[in-house]
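*Asks:* Predicted structure and sequence below. I'll ask about it afterward.
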Amino acid sequence: MKKKLISMFLVFAMLCISLMGCAKSNDSETPTNDAASEGTATDTTTADADNYTGPSGNTPVVNGQVDTSEFVTVKMLVLGDPPAGGADKRMLEELNKILKERVNAELEMQWIEWNNYATKYQMELVSGSDIDLIFTTSTWLNLWENAEKGAFMDLTEMLPHYAKQLYADTTKEEWDGCTYKGKIVALPEHRKWQLSTPLFAYRADWAKEFGIEKIDSTDALEQYCKAILANKPEAIPYNVGGSASSNELYAMWFRQDTDYVLGAGSIGMAAPVANKSIEEPWTSVSPVFDDKFIDFAVKMKEWGDAGFWPQDVMSATVDTEAAFLSGTSGIYSMNVANYYPLFKKLEDENADAELGAFFFDEKRGFAISDVMTQDACSVTANAKNPERALMIYDLFQYDPEIYHLTQYGIEGEQYIVNEAGFRERPTDYVEEEDAYLWDMWSTRNDALEIPEFNEFQAQIDEVNAKIKPWTVLNPWGSFIVDSANWNAQVTAINEAGTTWLPAIQFGKAGDPVEAVNQYRDALKNAGIDEYMAEVERQMKEYTGN
Amino acid sequence: MMNKNKKKDDLSGRIIRTIGYVFISFLALSCLLPFVIMVSASFENEKILVREGYHLFPKEFTMYAYEVILGGNNEIIGSYIVTILLTVIGTGLGLFITAMTGYVLQRPDFLRRNKVSLFLFFTTLFSGGLVPFYLLMTRYLHLKNNYLAILIPSLISAWNIIMMKNFIRNAIPHSVSEAANIDGASPFVTFLKVIIPMSKPALATIGLFIGLGYWNEWYNSMLFLDSSVQFRPLQLLLYNLINRAEYLKNSMAGKNILTQDLPLETVKLATAVLATGPIILAYPMVQKYFISGITVGAVKG
């Protein structure tokens, strides 16, 4: 009996200890919240146009002048593997000389390497880190979830005082994209234009040979592929190996034949859940249940049977880029960012070849831009020097001298500007020693860029001139679907998608109509209807109607 | 009659043995083959590897991959030294503590031994989880970017203590300790001079486990040693090298990175060879203890 009592006591004691462990971790989160609310409290009490104390108090604004008499060290954390040669440290030395002079502060940089970055990043935040500037993104680092937990400081009051240029240069809509529950929690990447739009690269010289002027539709593509089968025995029209992430033909189809757009609520590469159209982004629909999807499946079966891609596409591994460059593949699926360097690559491999692009979005004439917080920077709730951090960040993005130093490294060591005004590598540049990276991507600013010389600049400009007008602001802003209670459905829907879509889009799922029906059943069993209803409910809640 | 029976036994015995040997050889081969292929591919020309796949012997022998890894910077050599030091110190210290704990816990004259055991073994079932562990290490012990963060957590494992305890209880009768005591040995001298020499098989086995643990350690290094530490344990270095490509390919993070910076296939394989190399040498050394040690843990435990 006594023995039993003692062991029960021990078990109890240990339970207590393990629970204490949990309590501890909660404790450590509380100060995070406290600091945040304290911060806002001071903000509101002392805010007026010319006088402002700021959350830390070490950089007050007195009569419109920022007082930087106290020297501080600002900590910044970015993601990425630091350059092996230590060029980042040499840059930092230079930078700190300037920062000391300009804002009486120095910068300390930490890197989170790519391997397991998500775990390490989250650990840094939950352990109550006092990093001032921290890289974040709503697409792959849970910006909004962390904002919900109070990990980031509210910057709304501070911005006009400490990040004057950034504040003046950012529109209301752009700030809205960085706002969570009425608080600006992130600094956007908004002065670097980039558009992500999918395309098939093709051989324009071949197309001309076949009498096709340009490929801008599915029909023209079909014609081109048939001509390759007839005239180019060494090439396969689309020499590719399928994988669970193959979705390029599906992406082509819904951009060419439907009004659907991908955005909030979308799941996985197979994207069986989409939004109705750019005019009605707040309606969740599934393109798979559209009648046109059957036509698509039938068409793809036809293409597959005709030999547009290898018969063993589902099991083969093919380096499509190499095949395209060497002329054994007629098309190559990619995003526009990878299209720019292709001019040079193709020239190196085959000087007679000519490059063409079939942009899926051309027909509809729009492409949705990345969210404002695709790359972003936040200030952690425990930050010791948020004011000075914002001042430095402002310089990163808007001061030409600091911009060039941070983006490109030290002039003469990492880059030189030649007579024509182009940036190039110095002659004594050694990759191992001098390689340099700046991974706070959100500070990129097109206005301050020194372009690198590119012999294909004319072609690239032509592409950009074509696609730039397509840019439309991301209509979902800071809305994200909270799928915490829907993980099972999301996983199952994604599973169904990766099982069926690649096989259907390559016409390797047997009878296409039958396959589409099975895909639909699989999605229904996975709970797609309930999931879409939930997405719409959350959208209604967000838009307030 | 007898004779005939014996002959029959012989025949069936031989068949079974043959099948057994064939089966075991097959298993051994299937373990060996990937390793051989890995070694051979690490000496292969990159282009041939990508184009034609793996061969049993390299078609075009080259040391290029090794030159890439070893030449230029001394990072991998520093990592080797760190890992070897951690393994040697960790194994030595870990064995000593494990053996002492195991010995004490099995002594029948240690009155509260079962309760203390329970306290230890409870941790095999329940733990605080990752976040409290991380907080403890970084906020309270301040071991971020400190090699101790790698050394300390792996020193004692409840599982090794169970094995040690059971081994000593079954293989060394308590009367041995008592006899030493009567001859005037203090408990600590008894442990050092009598118990340790007698538990060599268990020490070899557990030492190998601990040693392998330290050699293969990467998770704690990943959590606690960031890029400001110049030489990080070997496995983390390799893990970084090999998995960077995978992480970037599978995540949106890759958007800002150029793919040509990612490592070559042969380099990955050569790193794997370098990582496994030295620890394989540890096996023959402890082999003779290992077999008896493992049975001790398995059957009697």
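*Replies:* Nice, thanks for sending it over.

*Asks:* Return the helix or strand in chain A with minimum mean pLDDT.
*Replies:* Across the helices and strands of chain A, mean pLDDT, DSSP states H and E gives its lowest value to helix A:2-46, namely a mean of 45.

*Asks:* which is the next helix or strand following that one?
*Replies:* Once the chain leaves helix A:2-46, the next helix or strand it forms, by DSSP states H and E, is strand A:61-62.

*Asks:* what's the burial count for A:Ala316?
*Replies:* By other C-beta atoms under 10 Å in any protein chain shown, the residues close to A:Ala316 number 14. Any C-beta I mention is one placed from the backbone N, CA and C, and that applies to glycine too.

*Asks:* hang on, it packs against A:Gly241?
*Replies:* Yes. Judged on C-beta atoms under 8 Å, A:Ala316 makes contact with A:Gly241 at a distance of 4.2 Å.

*Asks:* does the residue positioned nearest the centre of chain A sit in a helix, a strand or a coil?
*Replies:* In chain A, the centroid-proximal residue (C-alpha atoms, centre = their mean) is A:Gln374; its distance is 4.4 Å. Recorded secondary structure, A:Gln374: coil (DSSP: H, G, I helix; E, B strand; the rest coil).

*Asks:* Isn't it up against A:Thr139?
*Replies:* Yes. Here A:Gln374 reaches A:Thr139: they are 5.8 Å apart, a contact under C-beta under 8 Å.

*Asks:* For chain A, what's its nearest residue on chain B.
*Replies:* B:Gly128 (3.7 Å; C-beta to the nearest C-beta).

*Asks:* quick one: that residue and B:Met164, what's the gap?
*Replies:* 25 Å (C-beta to C-beta, to the nearest Å).

*Asks:* Output the below-cut-off pLDDT ranges for the chain.
*Replies:* In the absence of a named chain, this looks at chain A. Applying pLDDT under 70 to chain A picks out residues A:1-49, A:545.

*Asks:* You answered for a different chain; I wanted chain B.
*Replies:* Along chain B, the model assigns pLDDT under 70 to residues B:1-9, B:71-73, B:242-264, B:290-301.

*Asks:* Residue numbers of the stretch 301-450 of chain A in contact with chain B?
*Replies:* Those residues of the stretch 301-450 of chain A that sit near chain B, judged by C-beta under 8 Å from any C-beta of the partner chain, are A:319, A:337, A:375, A:432, A:439, A:441.

*Asks:* who wins for neighbours among those?
*Replies:* Sorting those by how many neighbours each has (other C-beta under 10 Å) puts A:Asp375 first, at 29 neighbours.

*Asks:* Could you pull up the residues touching it?
*Replies:* Residues in contact with A:Asp375 (C-beta atoms under 8 Å, 6 or more residues apart in numbering or on different chains) are A:135, A:137, A:189, A:441-442, A:444, B:256.

*Asks:* Now render those residues as CSV, adding distance to B:Gly211.
*Replies:* What follows is the contacts of A:Asp375, written out as CSV (distance: C-beta to C-beta, whole Å):
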residue, distance to B:Gly211
A:Phe135, 38
A:Thr137, 41
A:Glu189, 48
A:Trp441, 43
A:Ser442, 46
A:Arg444, 48
B:Asn256, 40
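
*Asks:* Which ones among those residues lie within strands?
*Replies:* Among the contacts of A:Asp375, the ones falling in strands (DSSP state E) are A:Phe135.

*Asks:* State the pair within the contacts of A:Asp375 that is farthest apart.
*Replies:* Greatest spacing in the contacts of A:Asp375, by C-beta to C-beta: A:Thr137 and A:Arg444 (13.6 Å).

*Asks:* tell me which residues of the helix or strand A:Leu125 falls within are tucked away?
*Replies:* Using DSSP H and E, A:Leu125 maps to helix A:117-126. Buried positions in helix A:117-126, judged by neighbour count with 16 or more other C-beta atoms under 10 Å in any protein chain shown: A:117, A:120-126.

*Asks:* show me which of those residues neighbour chain B.
*Replies:* Contacts with chain B within these, counted by C-beta under 8 Å from any C-beta: A:117, A:120, A:123, A:126.

*Asks:* The residue of chain B closest to chain A: how many residues sit nearby?
*Replies:* Neighbours of B:Gly128 (other C-beta under 10 Å): 19.

*Asks:* Equivalent analysis for A:Ser266, please.
*Replies:* 17.

*Asks:* Can you say which helix or strand has it in it?
*Replies:* Counting by DSSP H and E, A:Ser266 is found in no helix or strand.

*Asks:* Show the contacting residues for the nearest residue to it once chain neighbours are set aside.
*Replies:* Spatial nearest neighbour of A:Ser266, excluding adjacent residues (C-beta to C-beta, 6 or more residues apart in numbering or on different chains): A:Val273 at 5.8 Å. Remark: with contacts taken as C-beta under 8 Å, 6+ apart, A:Val273 is in contact with A:265-267, A:284-286, A:493, A:528, A:531-532, A:535.

*Asks:* could you dump those residues to a markdown table with distance to B:Leu236 and secondary structure?
*Replies:* Formatted as a markdown table, these follow (distance: C-beta to C-beta, whole Å; DSSP: H, G, I helix; E, B strand; the rest coil):
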| residue | distance to B:Leu236 | secondary structure |
| --- | --- | --- |
| A:Gly265 | 38 | coil |
| A:Ser266 | 35 | coil |
| A:Ile267 | 33 | coil |
| A:Ser284 | 43 | strand |
| A:Val285 | 46 | strand |
| A:Ser286 | 43 | coil |
| A:Ile493 | 36 | helix |
| A:Ile528 | 41 | helix |
| A:Tyr531 | 39 | helix |
| A:Met532 | 43 | helix |
| A:Val535 | 40 | helix |
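
*Asks:* Among those, which one sits closest to chain B?
*Replies:* Once C-beta to the nearest C-beta is applied, the member of the contacts of A:Val273 that ends up nearest chain B is A:Ser266, at 12.9 Å.

*Asks:* Do I have it right that the closest one meets A:Ala274?
*Replies:* Yes. Using C-beta under 8 Å, A:Ser266 is in contact with A:Ala274, at 6.4 Å.

*Asks:* Name all residues that make contact with the residue positioned nearest the centre of chain B.
*Replies:* Centroid check for chain B by C-alpha atoms, centre = their mean gives B:Leu212 as the closest residue, at 1.7 Å. By C-beta under 8 Å, 6+ apart, B:Leu212 lies in contact with B:279, B:282.

*Asks:* how much distance is there from the helix or strand harbouring it to the middle of the chain?
*Replies:* Using DSSP H and E, the element containing B:Leu212 is helix B:200-216. Mean-position distance between helix B:200-216 and its chain equals 7 Å (C-alpha atoms, centre = their mean, to the nearest Å).

*Asks:* ok so, going back, closest one of the contacts of A:Asp375 to B:Phe57?
*Replies:* When the contacts of A:Asp375 are ranked by distance to B:Phe57 (C-beta to C-beta), B:Asn256 comes first, at 40.7 Å.

*Asks:* export the buried residues of helix A:117-126 to TSV and tack on distance to B:Ile84?
*Replies:* Shown next, in TSV, are those (distance: C-beta to C-beta, whole Å):
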residue	distance to B:Ile84
A:Tyr117	28
A:Lys120	26
A:Tyr121	31
A:Gln122	32
A:Met123	28
A:Glu124	30
A:Leu125	35
A:Val126	34
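
*Asks:* of all the residues you listed, which two lie farthest apart?
*Replies:* Greatest spatial distance among the buried residues of helix A:117-126 (C-beta to C-beta): A:Tyr117 and A:Val126, at 14.9 Å.

*Asks:* The closest residue to A:Gly527 other than its chain neighbours: what's it in contact with?
*Replies:* Spatially, and ignoring its direct neighbours in sequence, A:Gly527 is nearest to A:Gln489 (3.9 Å; C-beta to C-beta, 6+ apart). Taking C-beta under 8 Å, 6+ apart as the criterion, A:Gln489 is in contact with A:526-528, A:530-531.
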